[in-house]
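Enquirer: Any chance you can model this:
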Amino acid sequence: MKIVIIGGSGLIGSKLAARLRHTGHEVVAASPSTGVNTLTGEGLKEALAGAQVVVDVANSPSFEDEAVLRFFETSGRNLLAAEAEAGVAHHIALSVVGTDRLLASGYFRAKQAQEDLIGAASVPYTIVQATQFFEFLAGIANAGAAGSEIRLSHALVQPIAAEDVAAALADIVNEPPAGGRVEIAGPEAVPLDDLVRRFLAATGDARQVVADAEAAYFGVRLDDRSLTPAAGARLAPTGFEAWLRQRPKA
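Expert: Take a look at the predicted model:
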C-alpha cells in the first residue's frame, strides 16, 4: 500500500515512516525538503498519485496566532483538495487531546480549524488526538521559566512517548477510517509540575519548579480535564521512567 506522510522528516513522521517501511508499505516521506509543500501545493499531485492513505503529522513553523492559523487552514485546504482529486481512501491527521477545550490559545484555535476542515471534506478520515509528548518536556519547562524558577500548573497531564505515537498511527493506517476522533495517551496521569520536576532532576537541571494554579500553558489556564483523555482512549505502554531509560543521551 502506498502511504504518504506529510511532515515525514519530523519527529513523528520519521519514526512512522520507518515502521511502515519495515512492514512492507511503500512510503513517501513528504516535506518541503523533498519538494512537497502543502502551503503552496508544490509537488502534492505527484506525491499523492496512487496513494491509498495520507498521514498528516506536519506542524506550523510559527506558533504566532495569525501565522499558525494560516498554516493549518492553507495547508489543510490544499492537501484535502489534492487527496480528493487523487482518490485517497483515508486521511489521518495528528492533533492534540483537549483541542476544543483550549481555544483561548491561538495554536489550539488553529488546530481546531484544521480538524473542522477535515470533518467537512469528502475524504474519509481519522483524527488522532494525542496527549503531550515526553519529548516536549524541556520546551514546556522553558516556556514556564522566569529566572531560576519554572512556574507550572498542578493540573493533570497524561504524556506519551513519540515512539508510541508512531506505533499508534501505524496501527490506524491499517484500520478503516473512523469518521471522527481517536484519542491516544500515555499510561499514567500526573500533575504537570511534578512531571517537569522529575524530568529536571533526571537531566541535572537545578531550576526550581513552583506549582502555580494561575500559570498559563501556552496561553491557557489548565484544569485536570484540559490535557487528559476521555475514557476509552488508547493507552500506550511507555511510562516516564521507561522513556527516560530509552531516550538518546545528549
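
Enquirer: pLDDT (mean, whole number) over stretch 171-178?
Expert: Averaging pLDDT along stretch 171-178 yields 98.

Enquirer: swap in stretch 234-250?
Expert: Mean per-residue pLDDT for stretch 234-250: 89.

Enquirer: buried set for that stretch?
Expert: Along stretch 234-250, these residues count as buried under the neighbour rule (16 or more other CB atoms under 10 Å): 234, 235, 236, 238, 239, 240, 243. C-betas here are computed from N, CA, C, even on glycine.

Enquirer: in its sheet, what does the one helix or strand residue 4 maps to sit against?
Expert: When elements are assigned from DSSP states H and E, residue 4 belongs to strand 2-6. Note on strand 2-6: by DSSP bridges, its sheet partners are strand 26-30 (parallel), strand 53-56 (parallel).

Enquirer: Next, format the ones you listed as a markdown table and append mean neighbour count, distance to residue 121 and mean pLDDT.
Expert: Shown next, in a markdown table, are the strands paired with strand 2-6 (neighbours: other CB atoms under 10 Å; distance: least, CB to CB, whole Å; pLDDT from 0 to 100):
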| stretch | mean neighbour count | distance to residue 121 | mean pLDDT |
| --- | --- | --- | --- |
| strand 26-30 | 22 | 18 | 97 |
| strand 53-56 | 27 | 12 | 98 |
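
Enquirer: Indicate which one of those strands is closest to residue 193.
Expert: Among the strands paired with strand 2-6, the nearest to residue 193 by CB to CB is strand 53-56 (32.2 Å).

Enquirer: And the next helix or strand past the strand holding residue 4?
Expert: Using DSSP H and E, the helix or strand that follows strand 2-6 towards the C-terminus is helix 11-22.

Enquirer: tell me what that following helix is packed against?
Expert: strand 2-6, strand 26-30, helix 162-173 (3 or more CB pairs under 8 Å, 6 or more residues apart in numbering; DSSP states H and E).

Enquirer: Go through these and pick out the most buried.
Expert: Mean neighbour counts were taken over these using mean count of other CB atoms under 10 Å, and the top value, a mean of 24, falls to strand 2-6.

Enquirer: between whichever helix in the chain runs longest and strand 2-6, how many degrees?
Expert: In the chain, assigned by DSSP state H, the helix with the most residues is helix 65-86. On the basis of axes from the mean of the first three to the mean of the last three CA atoms, to 10 degrees, helix 65-86 is oriented at 170 degrees to strand 2-6.

Enquirer: Please state the offset of the helix or strand just after helix 65-86 from the chain centre?
Expert: The helix or strand immediately downstream of helix 65-86 is strand 90-96, counting by DSSP H and E. Mean-position distance between strand 90-96 and its chain equals 9 Å (CA atoms, centre = their mean, to the nearest Å).

Enquirer: again, but for stretch 49-61
Expert: Its chain's average C-alpha position is 13 Å from that of stretch 49-61, according to CA atoms, centre = their mean.

Enquirer: Not counting its own residues, what contacts that stretch?
Expert: By CB atoms under 8 Å, 6 or more residues apart in numbering, the residues outside stretch 49-61 that reach it are 1-8, 10, 12-13, 16, 28, 31, 38, 48, 67-68, 71-72, 75, 79, 83, 86, 88-94, 107, 110, 169, 173.

Enquirer: among the residues you listed, which ones are buried?
Expert: Listed as buried from the contacts of stretch 49-61 are 1-8, 10, 12-13, 16, 28, 31, 38, 48, 68, 71-72, 75, 79, 83, 86, 88, 90-94, 107, 110, 169, 173; burial here means 16+ other CB under 10 Å.

Enquirer: Since that was my last question, I'll sign off now.
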